[in-house]
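Novice: predicted coordinates and the sequence they were generated for:
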Amino acid sequence: MTKVGIIGATGMAGAATFKAALTAGLDVTAIVRSADKAKELLGADIKVIEKDAFDLTKVDLEQFDVVVNAFATAPQQAYLHTDLAAHLIAELRETNAPRIIFILGAGSTFVGTGDDRHYAYDDIKSDPENAAWQSIPENQLYEFNFLKDVKNVNWVGVSPGQLFVPGELSDNILYGEDDMLFDDNGNSQTTSDTMAKAIIDEITTPSHKQSRFIVTKG
């Protein structure tokens, strides 16, 4: 049975992925700072490692076949996204296992065409109304750019659409690689259960390595 560890299993994406992993019959462990919170949210009998993500060691990580990094933080500490990626990669250098899946932001996806093709983050940054939270997509863009240069760790990235919201699994899922995806009505949205489904599919049927893919609601 595939053993999966989920960092940040009490957050929106982490909890959805944890529940989807249980449903898929995977051997899943929540890696969290509060075991009590995890058991209250996810079930009293779940497997838990109570540890700060920055204290995880190679020994902690190598017990799993796959580690999902669903870490989330407040805008004022958004730099921790890149710092945690660097820490996890450093612990796993020169290895092929575990695979580590990073949930990235939509800011690193491209919008526009031709000479106007640019990072979605550029549009976020240009709107003063986004100032309070723009550091999160900014730092997740830095995180992805860091990962793109990593060639000796088995990593995968997955980004949502423009909006990443709690919600049920979509009955029509769109997949892409670099450019933001839109449905027929011009919306770009990913629900937490849709993201979870994409991650579980990637765990059970690997199709990416050292690359990022995008998933949205169709």
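Specialist: Received it, and whenever you're ready, just let me know what you need.
Novice: okay, Asn130: pLDDT?
Specialist: Note for Asn130: predicted pLDDT of 89.
Novice: same question for Gly218.
Specialist: Predicted confidence (pLDDT) for Gly218: 85.
Novice: pretty sure it sits against Ser170.
Specialist: Yes: between Gly218 and Ser170 there is a contact under C-beta atoms under 8 Å: 6.2 Å. The way it works is simple: take the backbone N, C-alpha and C, and place the C-beta from them, glycine included.
Novice: and Lys37, what does it touch?
Specialist: Thr10 (C-beta atoms under 8 Å, 6 or more residues apart in numbering).
Novice: now do it, the pLDDT please.
Specialist: 97.
Novice: could you say which helix or strand holds it?
Specialist: Assessed by DSSP states H and E, Lys37 sits inside helix 35-42.
Novice: tell me the first helix or strand C-terminal of that helix.
Specialist: Using DSSP H and E, the helix or strand that directly follows helix 35-42 along the chain is strand 47-50.
Novice: tell me what the one helix or strand Glu202 maps to is packed against?
Specialist: For Glu202, the host element (DSSP H and E) is helix 192-204. With contacts taken as 3 or more C-beta pairs under 8 Å, 6 or more residues apart in numbering; DSSP states H and E, helix 192-204 sits against helix 12-23, strand 66-69, strand 99-103, strand 155-159, strand 163-165, strand 173-176, strand 211-217.
Novice: many thanks, I have nothing further to ask.
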